[in-house]
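# fold the following and give me the result.
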Amino acid sequence: MFLDEATITVHGGKGGKGLVSWRKEKYVPRGGPWGGDGGNGGNVLFLADNQTDTLTNFSEVKVFQAEDGEGGGRNRRAGKRGEDLVLRVPPGTIIADAESGTIIADLTHEGESLKIARGGRGGYGNAHFATSIRQAPDFAEMGEPGETKMLHLTLKLVAEVGIIGFPSVGKSTIISVISAAKPKIADYPFTTLVPNLGVVTVHDRSFIACDVPGLIEGASEGKGLGDTFLRHIERCGALVHVLDISRENIVEDYRIIRKELQSYSPTLAKKRELVILNKVDLIQNDASIFVEELKQNDIPVFAIISSATLYGIQDFLNALLHVVLEERKMREAVSPVEKSIPVLHPHIDDTRTDAFTIDVSDGVFHVSGSRIEQIAAMTNWESFGGVQRFRDICERIGLKKALERSGATEESTIFVGKTDVSEMW
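The predicted model follows:
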C-alpha cells in the first residue's frame, strides 16, 4: 500500500532514576553516599533512506517510543543509556508539528537525519549531591521524562522529471519503457493509483522520473486522484506533459491540465514543461497535423513518440537528458538558502535556572522556564531531602518571592511546568 501522509506521536525515552545508596564496607566507617546516576533516555531520530519509498510503516503503528534509561546502581555505577529510536522515511519527507503545522524538517537527500524528540536526562544519584556541608544527602533525582511530539508526515517524491497528463494517455507505459519501473497497466481510467518512480539511464547518466496518477478537470479542488498526488511533482526540475493524439481535443486537454497546475500552485505551473505526443503509431507515426495545431496555439512539441512500439523513444530520451542536466546545473548554481535561526523566547528557552516567567489564570499560578521545569519534573516528591532541595533552589533564584509578589499564598495552586508544587508551599 502506498501512503504519503501520516500523523504519529513520538516519545523520547525517560531518564533512569538516580539511586540513594550508602557505601558499606567493613573498614570504611561513615562511607557516605554511593548511589549512581541514572542513564539518559534514548532520542527519536528520523533518517532519510532510499530503501523505503512510502510512509506505510506508519499506517498502523501511531505511537513510537525510544528506550528508557536504566536506573543508577550501587558503588556509583551509572545506569545504561537508552537506545535511540531511528525511524526511516523516504527522501522527500516533510516533518511538521501536527498542531501548529510548523515545519520541523524536510529530509530530501539520502542519509539526512534529524533528532526530533530528545530523551530525558538520567537522575543524579545521592553521591552527586555530596558536599563538604551536605555530607549525607538522603535523596536522588527522578529520571526526566523524554520529549513528546505529535507529528504530521508528508511525502513529496524526489524526482527530476515528472510525467503528467490525463488518465490513460500512456504515462505508465512510458515510464515502464524508459526505466525498470513496472507499474500496473490496463485500458481504463485511473489505472495508476499511486505515483511510480523509475531510474532512467541514458548514455551512462541517470535521473529519476515520476509518473503521477492522471489529472482531470477539477483535480486541484479534490476531484479524481490528482489533488492527492500533485504534491509529488512540486520537487521536479521539469514536467513532461503527455498528450494522447487519439483523444478528441488535445489543445483543450492541454489547457485543462495547465489550469489545474496553476490552481494548485503558481510555482508548479512555472516549471519547465516538455510537451510530447504519444500513440502516434495509430496514425502511421505522422503527427504533423497535430504539431501544427498545437503550434498555432503557442504550444511547442518537444517529442513525438509511441510508447507501444517504442517509436521516437531514444530521441526523446537523448533530448530529455540535456534538459535534466541543464536543470541540475541551474539548481547547483543557486546559492543555498540560509537556514533560519531559531528565535529564543525569553525566560522559556533560556537554560539558566533563574530564567522563568509566572502567569496567573483563574487563580492558578503557572511557572514556565526550561531549567526550573526540568528540576521540578525530576524531584522525588516523596523524599523529604528532595523536596527541601527544590525549596532551597526556589529561594535561591527568587522564585518564591516572585510568586508572593504575584499574589500566591499557602492556599494557592501552583504549577511549575506540568508539575503541581502546591503542597511544597
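
# quickly list what Q65 is bridged to.
Using DSSP bridges, the bridge partners assigned to Q65 are H11.

# G312 against V301, yeah?
No. Look at G312 against V301 with CB atoms under 8 Å: they stay out of range, at 11.1 Å. Where C-beta positions appear, they are placed from N, C-alpha and C, glycine not excepted.

# which one of those two is surrounded by more residues?
Between G312 and V301, counted using other CB atoms under 10 Å, the more crowded position is G312 (20 against 17).

# ok, and the closest non-adjacent residue to the more buried one?
Distances taken as CB to CB, 6 or more residues apart in numbering place I305 nearest to G312, at 4.0 Å, with adjacent residues excluded.

# got the contact list for the one you found?
By CB atoms under 8 Å, 6 or more residues apart in numbering, I305 lies in contact with 174, 276-278, 280, 311-313, 316.

# counting neighbours, which of those residues comes out on top?
Counting neighbours by other CB under 10 Å, N278 comes out on top of the contacts of I305 with 26 neighbours.

# tell me the contacts of it?
By CB under 8 Å, 6+ apart, the contact list for N278 reads 169-170, 174, 242-245, 305-307.

# okay, and which of the residues you listed map to strands?
The members of the contacts of N278 that map onto strands under DSSP state E are 242-244.

# quick revisit: with distance to G79, secondary structure and pLDDT as extra columns, can I get the contacts of I305 in a markdown table?
A markdown table is the format used below for those (distance: CB to CB, whole Å; DSSP: H, G, I helix; E, B strand; the rest coil; pLDDT from 0 to 100):
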| residue | distance to G79 | secondary structure | pLDDT |
| --- | --- | --- | --- |
| I174 | 58 | helix | 93 |
| I276 | 63 | strand | 97 |
| L277 | 68 | strand | 97 |
| N278 | 64 | strand | 97 |
| V280 | 71 | helix | 96 |
| Y311 | 69 | strand | 97 |
| G312 | 67 | coil | 96 |
| I313 | 63 | helix | 96 |
| F316 | 62 | helix | 96 |
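
# list just the nearest of the residues you listed to D354.
For those, the residue nearest D354 by CB to CB is I174; the value is 65.4 Å.

# tell me the spacing between that closest one and V10.
Separation of I174 from V10 (CB to CB, to the nearest Å): 39 Å.

# coming back round to it: same list, the contacts of I305, but as a markdown table with distance to R81 please.
Rendered in a markdown table, the data for those read as follows (distance: CB to CB, whole Å):
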| residue | distance to R81 |
| --- | --- |
| I174 | 51 |
| I276 | 56 |
| L277 | 61 |
| N278 | 58 |
| V280 | 64 |
| Y311 | 62 |
| G312 | 60 |
| I313 | 56 |
| F316 | 55 |
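
# who does the strand or helix carrying S206 pair up with?
Assessed by DSSP states H and E, S206 sits inside strand 205-211. Paired strands of strand 205-211, with direction, are strand 161-164 (parallel), strand 196-202 (antiparallel) (DSSP bridges).

# nearest to V387, of those?
Closest to V387 of the strands paired with strand 205-211 is strand 196-202 (CB to CB; 58.7 Å).

# distance between that closest one and the chain's centre?
Relative to its parent chain, strand 196-202 has a centroid offset of 26 Å by CA atoms, centre = their mean, to the nearest Å.

# can I get that strand in CSV, CA atoms only?
The C-alpha atoms that make up strand 196-202 are tabulated as CSV, following Å, rounded to 0.1, in the frame of the first residue of the first chain:
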residue,chain,number,x,y,z
ASN,A,196,5.6,5.4,-9.8
LEU,A,197,9.3,6.2,-9.6
GLY,A,198,11.8,4.9,-12.1
VAL,A,199,15.5,5.4,-12.7
VAL,A,200,16.2,6.4,-16.3
THR,A,201,19.7,5.7,-17.7
VAL,A,202,20.8,7.5,-20.9
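
# list the buried ones in that strand?
For strand 196-202, a neighbour-count test (16 or more other CB atoms under 10 Å) marks 196-198, 200, 202 as buried.

# what is the nearest of these to E160?
The closest of the buried residues of strand 196-202 to E160 turns out to be V200 (CB to CB; 9.0 Å).

# the closest one against C210, yeah?
No. Proximity of V200 to C210 does not meet the contact threshold set by CB under 8 Å, at 10.6 Å.

# give me the common contacts of the two.
V161.

# measure K329 to L157 for me?
Note on K329: its distance to L157, by CB to CB, is 22 Å.

# more neighbours, the two?
Using other CB under 10 Å as the criterion, K329 and L157 rank with L157 on top: 25 against 9.

# is it true that the more buried one touches L197?
Yes. Assessed by CB under 8 Å, L157 is found in contact with L197 at 6.2 Å.

# overlap of the contact sets of the two?
Common neighbours of L157 and L197 (criterion: CB under 8 Å, 6+ apart): 53, 210.

# what helix or strand is V323 located in?
Per DSSP H and E: helix 313-333 holds V323.

# toward the C-terminus, what is the element adjacent to that helix?
Next in sequence after helix 313-333, counting helices and strands by DSSP H and E, comes strand 357-361.

# what does that next one rub up against?
Contacts to strand 357-361, defined as CB under 8 Å, 6+ apart, come from residues 347-348, 365-369, 402-403, 406-407.

# what's the closest of those to G18?
G369 (21.9 Å).

# backbone dihedrals for the closest one, please?
When read as degrees, to the nearest 10, the backbone of G369 gives phi 170, psi 130.

# can you give me every residue that contacts the spatially closest residue to it that is not a sequence neighbour?
Leaving out its chain neighbours, the residue that sits closest to G369 by CB to CB, 6+ apart is F356, at 3.2 Å. Each residue near F356 by CB under 8 Å, 6+ apart is listed here: 347, 367-369, 372, 397, 399, 402.

# circling back to that earlier point, check the contacts of N278 and tell me the two furthest apart.
Spatial extent of these (CB to CB) is set by the pair I174 and I245 at 14.1 Å.

# quick one: the helices in the protein, in order.
Assigned by DSSP state H, the helices in the chain fall at 171-178, 226-229, 250-264, 266-269, 288-296, 313-333, 370-378, 384-397, 399-405.

# with only the CA atoms kept, save the first one in CSV.
What follows is helix 171-178 as a C-alpha-only set of coordinates in CSV (Å, rounded to 0.1, in the frame of the first residue of the first chain):
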residue,chain,number,x,y,z
LYS,A,171,2.2,7.8,-18.7
SER,A,172,2.6,4.4,-17.0
THR,A,173,3.6,2.7,-20.3
ILE,A,174,6.2,5.5,-20.9
ILE,A,175,7.8,5.1,-17.5
SER,A,176,7.8,1.3,-18.0
VAL,A,177,9.8,1.5,-21.3
ILE,A,178,12.2,4.2,-20.2
